[in-house]
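Undergrad: Curious how this folds, go ahead:
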Amino acid sequence: ARRRIASEAVALGVKVIEDEVMADLSLDGSAPPLPIAAHGPVLSTGSLSKVIWGGLRVGWIRGPEPLIMQLGRTKAVHDMGSNVPAQLAAVHLLSNLDHLRVARTAALRASHAALCSELASLLPSWRFTPAVGGQTLWVELPYGDAVSFAQLALRHDVALLPGASLDVTGESKTFLRIPFLEPPDVIAEGVRRMAAAWGEYVPSSVSSLTSLVV
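TA: Just a heads-up that it's a prediction; the model follows:
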């Protein structure tokens, strides 16, 4: 499938950018497939911000050498250079990347398990499929809309992201994106607060909105 995408992109003259930022965050232990860039002139992007720490904004682009050279020249013209201390930290951390990846995925796996367990126990009407990777869960509400519920959840000190703000079609109005980045005890407390908010929730007239006012 990845070879076919690369081949079709070449045939149609379409530039493809493959986002691999989450590729190393496998919760089931499976290895990520080769990037599409391995099969054709496709750009593939990665980052240390998810595997190591969100504040380490160091990433990379893989692709055909002429295009990488062009991007390098464009970057040199349009910015004053990258964060040098962050790049030095990245070089140091890359030598221990395998260990860091294992530790990171183990922590995410524990938090994911806690989130799924608490949702199933306290909010059994909410629908979701356990994640196989990444750091967020896509959850569907049984009724109402995610924007109005997220507004209510804020009053319980829980910030939630409505799905419609992440969907180019704007159709995911009953969905929430819930991260599992915090330790299991914090996750459990967050779900308890969501359950308290859900107990008070009455669908409102803001269902047509796709953003959350905070």
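
Undergrad: longest helix anywhere in this protein?
TA: Taking DSSP state H as the criterion, the chain has its longest helix at helix 97-122.

Undergrad: average pLDDT for it?
TA: The pLDDT scores in helix 97-122 average 95.

Undergrad: Check which element follows it along the chain.
TA: strand 127-128 (DSSP states H and E).

Undergrad: Show me where this protein has its strands.
TA: Using DSSP state E, the strands of the chain run over residues 17-19, 43-47, 59-62, 127-128, 136-140, 161-162, 175-179.

Undergrad: possible to save those strands as JSON lines with distance to R3 and mean neighbour count?
TA: No exception for glycine: its C-beta is placed from N, CA and C like everyone else's. Converted to JSON lines, these look like this (distance: least, Cβ to Cβ, whole Å; neighbours: other Cβ atoms under 10 Å):
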{"stretch": "strand 17-19", "distance to R3": "13", "mean neighbour count": "14"}
{"stretch": "strand 43-47", "distance to R3": "14", "mean neighbour count": "19"}
{"stretch": "strand 59-62", "distance to R3": "16", "mean neighbour count": "14"}
{"stretch": "strand 127-128", "distance to R3": "32", "mean neighbour count": "16"}
{"stretch": "strand 136-140", "distance to R3": "28", "mean neighbour count": "18"}
{"stretch": "strand 161-162", "distance to R3": "34", "mean neighbour count": "20"}
{"stretch": "strand 175-179", "distance to R3": "31", "mean neighbour count": "20"}
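
Undergrad: Of those, which is nearest L34?
TA: When those are compared by Cβ to Cβ, strand 43-47 sits nearest L34, at 9.6 Å.

Undergrad: Name the residues that touch the closest one?
TA: The contact list for strand 43-47 (Cβ atoms under 8 Å, 6 or more residues apart in numbering) reads 15-21, 23, 35-37, 57-63, 67.

Undergrad: Might you list the low-confidence residue ranges for this protein?
TA: 37-40, 204-214 (pLDDT under 70).

Undergrad: about what we covered before: right, so of the strands of the chain, which gets closest to S148?
TA: strand 161-162 (9.0 Å).

Undergrad: For A195, the count of nearby residues, please.
TA: The tally of other residues near A195 (other Cβ atoms under 10 Å) stands at 16.

Undergrad: Correct me if wrong: it contacts L123.
TA: Yes. Counting by Cβ atoms under 8 Å, L123 is a contact partner of A195 at 5.5 Å.

Undergrad: quick revisit: make TSV from the strands of the chain and add distance to S82 to it.
TA: Formatted as TSV, these follow (distance: least, Cβ to Cβ, whole Å):
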stretch	distance to S82
strand 17-19	19
strand 43-47	13
strand 59-62	10
strand 127-128	38
strand 136-140	27
strand 161-162	28
strand 175-179	27
